[in-house]
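> Output the structure for:
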Amino acid sequence: VMLRRRARALVEAGRTAEAVPELERLLTRDPYDESLWSALMIGLYREGRHVDAIAAYQRAEAALGEDLGLEPSPELAALEEQILLHELRPSDRQRTIMLPPALTSFVGRDSELAELAILISDHRLVSIVGVGGGGKTRLAVEAARRMVEDFGAVSLVDLTSTQPGDDVFAAIGESIGLDLVDPDLDPALEVTAALRGEAALVVLDNAEHLLDGVAGAAQEILGGCPDVRILVTSRAALRLPGERVYRIPGLGTPTAGASWDSFAASGAGALLIERLADAGIAVDHTEATLRDLERLCIALEGLPLAIELVAGRAGRTSLGMLADAVEDGLAGYGALRSADVRHRTMQAMIQWSFGLLDTVAQRIFTEIAVFSGGFTTDAAVHLVSDLAQNEVLDGLGALVEHSMLRFDPQRVRYRQLEPFRQFGIELLQESDRWNDVREAHAGAFHDIVVASLNGQRSLLRKEIFDGFRAESGNIREALEYIESQGDWRRLCGMVA
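Below you'll find the predicted structure:
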């Protein structure tokens, strides 16, 4: 009797992996106990073994009919029908948490976590969208971890290895513990059945290469499982009705000339100090060290992956030399021994995002890297002048949508994050367009400066250059290129 009670209690507690073998052993001794058959059917169903749960009913039916000449009770028959129709509700006491353990401390992001908690409470589909290496996965997992008391089940579905054309439901089923080996099973039906009636939070992580498949799966789950909420991480939104997009900001970077206290209070500064400590690197509190750390944070644009990479390399060179290397190009960032090859280097991470673009967007991404400090729509159209204006506008829109480019609606300007710009420059230098693009860029800003100077001679020089402030980086790049070409006539026209 005690063993029977224990086995049934294990099922109710959601410990089905322990309960099912124990129930099978008990039934070999007493194959006529319907309470044991009922517990076994429920346990198998909750493990995702729906076919086995029906087979268990058939075994019970055979044992009772062949040996005793009896039919299963109406209660057991009703249970079979519930399983067949996927109407069996999960145990109220069952809570399944399937999140990866944290290997490092979670630094900062308190305001982001608070915002996400509200969004997940208010919306059934929330997408964390942002640049690769921006900390989307870590933020999503931490947000889910802090909300486990609100859900009966919380699961992370890592879609990294799922390929376009693969069944997204199969990946979801595997992650939530379903056994979908039987080819006769419909993964979509099994997943929605397992989640139906469950207060669950499902995190669909790394969805950018599977947008159509993930969008379809999300719609089907949300339509069939009213108590489920979905949190997506992606470099682009799903663009579904009811989707609430949360664009993850970079970690706050310290201002130039910051004190030690204000540096450590910034998100990027706090993470860099923490990861240097993890690497066994003691930071001396000198002014020179502070300025080197500040240079690193500003150059890395608050990207968590970039900070992790650089901190891992810090023990092999001085912080000053490391800052010089980072400012010179992506090779200065170093590498991690990550299980995900896309996050081992900055090059790999950006290359993954770049590979998801069409050829027009790839070309535009590469050529706009020549801009320094941002650019306007007109400047981009002029630079890529052999493409139709609509093609350029669509390409810029695709880059923004895939978090490869930032748009400031207040200033009506675009800007690439510096690591992405460095990647574009490297691609451009390897192409046969490097000199042509630099010439087009320099020519455009030469003409802007000359036209402004010639048309505004009555203004003071300060007022003229105040108008150029937004383009100071581009004007400087143009001057350096024209000087490198020895074109003194054009150079004098820009500085007259």
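
> hey, where'd the strands end up in the stretch 1-150 of the chain?
96-98, 125-129 (DSSP state E, counting those that start in this stretch).

> how about the helices in the stretch 101-250 of the chain?
110-122, 136-145, 168-175, 187-195, 211-224 (DSSP state H, counting those that start in this stretch).

> Looking at those, which is nearest to Val400?
Nearest of the helices of the stretch 101-250 of the chain to Val400, taken as C-beta to C-beta: helix 211-224 at 15.3 Å. Just so you know, the C-beta spots here come from the backbone N, C-alpha and C atoms, and that holds for glycine as well.

> What angle do helix 187-195 and that closest one make with each other?
If you take axes from the mean of the first three to the mean of the last three C-alpha atoms, to 10 degrees, helix 211-224 sits at 40 degrees to helix 187-195.

> what's the model's confidence in helix 211-224, averaged?
Across helix 211-224, the average pLDDT comes to 94.

> got the buried residues for that helix?
Neighbour counts over helix 211-224 (16 or more other C-beta atoms under 10 Å) mark Leu211, Gly213, Val214, Ala215, Gly216, Ala217, Ala218, Gln219, Glu220, Ile221, Leu222, Gly224 as buried.

> Could you list the low-pLDDT ranges of the chain?
Along the chain, the model assigns pLDDT under 70 to residues 1-3, 5, 9-10, 12-15, 88-95, 181, 315, 329-344, 453-467, 494-496.

> circling back to that earlier point, turn the helices of the stretch 101-250 of the chain into JSON lines, columns for distance to Asp432.
Below are the helices of the stretch 101-250 of the chain laid out as JSON lines (distance: least, C-beta to C-beta, whole Å):
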{"stretch": "helix 110-122", "distance to Asp432": "43"}
{"stretch": "helix 136-145", "distance to Asp432": "36"}
{"stretch": "helix 168-175", "distance to Asp432": "40"}
{"stretch": "helix 187-195", "distance to Asp432": "47"}
{"stretch": "helix 211-224", "distance to Asp432": "33"}
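
> Out of those, which is closest to Leu238?
Nearest of those (C-beta to C-beta): helix 211-224, 4.4 Å.

> mind exporting that closest one as PDB, just the C-alpha atoms?
The C-alpha coordinates for helix 211-224 follow below in PDB (Å, rounded to 0.1, in the frame of the first residue of the first chain):
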ATOM      1  CA  LEU A 211      12.000  33.800 -38.500                       C
ATOM      2  CA  ASP A 212       9.300  32.200 -40.600                       C
ATOM      3  CA  GLY A 213       9.400  28.900 -38.800                       C
ATOM      4  CA  VAL A 214       9.500  30.500 -35.400                       C
ATOM      5  CA  ALA A 215       6.700  32.900 -36.300                       C
ATOM      6  CA  GLY A 216       4.500  30.000 -37.400                       C
ATOM      7  CA  ALA A 217       5.300  27.900 -34.300                       C
ATOM      8  CA  ALA A 218       4.600  30.900 -32.000                       C
ATOM      9  CA  GLN A 219       1.300  31.600 -33.600                       C
ATOM     10  CA  GLU A 220       0.200  28.000 -33.300                       C
ATOM     11  CA  ILE A 221       1.300  27.600 -29.700                       C
ATOM     12  CA  LEU A 222      -0.300  30.900 -28.600                       C
ATOM     13  CA  GLY A 223      -3.500  30.100 -30.500                       C
ATOM     14  CA  GLY A 224      -3.900  26.700 -28.900                       C
END
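
> what's the angle from that helix to strand 125-129?
Using the same axes, to 10 degrees: helix 211-224 against strand 125-129 is 150 degrees.

> helices or strands up against helix 211-224?
Packing contacts for helix 211-224, counted by 3 or more C-beta pairs under 8 Å, 6 or more residues apart in numbering; DSSP states H and E, involve helix 168-175, helix 187-195, strand 200-205, strand 228-234.

> sorry, back to before: which among the helices of the stretch 101-250 of the chain is found nearest to Asp292?
The nearest among the helices of the stretch 101-250 of the chain, by C-beta to C-beta, is helix 136-145 at 25.8 Å.

> contacts for the longest helix seen in the chain?
Identified as the longest helix of the chain according to DSSP state H is helix 434-455. The contact list for helix 434-455, computed with C-beta atoms under 8 Å, 6 or more residues apart in numbering, reads 367, 370-371, 379, 382-383, 385, 428, 464, 467-468, 471, 474-475, 477-478, 481-482, 490, 493-494, 496.

> Just tell me which of the helices and strands packed on helix 211-224 ends up closest to Asp408.
strand 228-234 (22.0 Å).

> May I see the buried residues of that closest one?
Quick answer for strand 228-234 (16+ other C-beta under 10 Å): Val228, Arg229, Ile230, Leu231, Val232, Thr233, Ser234.

> can you count the residues close to the closest residue to the fifth one other than its chain neighbours?
This means Val232. Spatially, and ignoring its direct neighbours in sequence, Val232 is nearest to Ser127 (4.2 Å; C-beta to C-beta, 6 or more residues apart in numbering). Ser127: 28 surrounding residues under other C-beta atoms under 10 Å.

> Ok, Ala62 next?
11.

> Relative to Pro31, how far out is it?
Computed as C-beta to C-beta, to the nearest Å, the Ala62 to Pro31 distance reads 9 Å.

> for Leu204, same thing?
Separation of Leu204 from Pro31 (C-beta to C-beta): 43 Å.

> With neighbour numbers in mind, choose between these two.
It is Leu204, of Leu204 and Pro31, that has more neighbours when counted by other C-beta under 10 Å, with 28 against 16.

> and that one, what does it touch?
Applying C-beta under 8 Å, 6+ apart, the residues near Leu204 are Val157, Leu159, Ile172, Val214, Ala217, Ala218, Ile230, Leu231, Val232, Thr233.

> Distance of the closest residue to Leu271 other than its chain neighbours relative to Asp205?
In this structure, Leu271 finds its nearest non-sequential neighbour in Val107, 4.6 Å apart by C-beta to C-beta, 6+ apart. Look at Val107 and Asp205: by C-beta to C-beta, they are 20 Å apart.

> what's the answer for Ala299, then?
Distance of Ala299 to Asp205, computed by C-beta to C-beta: 28 Å.

> Could you do Thr366 as well?
28 Å.

> again with Glu174
Counting by C-beta to C-beta, the gap from Glu174 to Asp205 is 14 Å.

> Which one's more surrounded, the two?
Using other C-beta under 10 Å, the more surrounded residue of Glu174 and Asp205 is Asp205, with 20 against 17.

> Check which helices and strands the helix or strand containing Gln422 is in contact with.
Secondary structure assigned from DSSP states H and E places Gln422 in helix 418-430. Counting contacts by 3+ C-beta pairs under 8 Å, 6+ apart, helix 418-430 packs against helix 346-355, helix 359-367.
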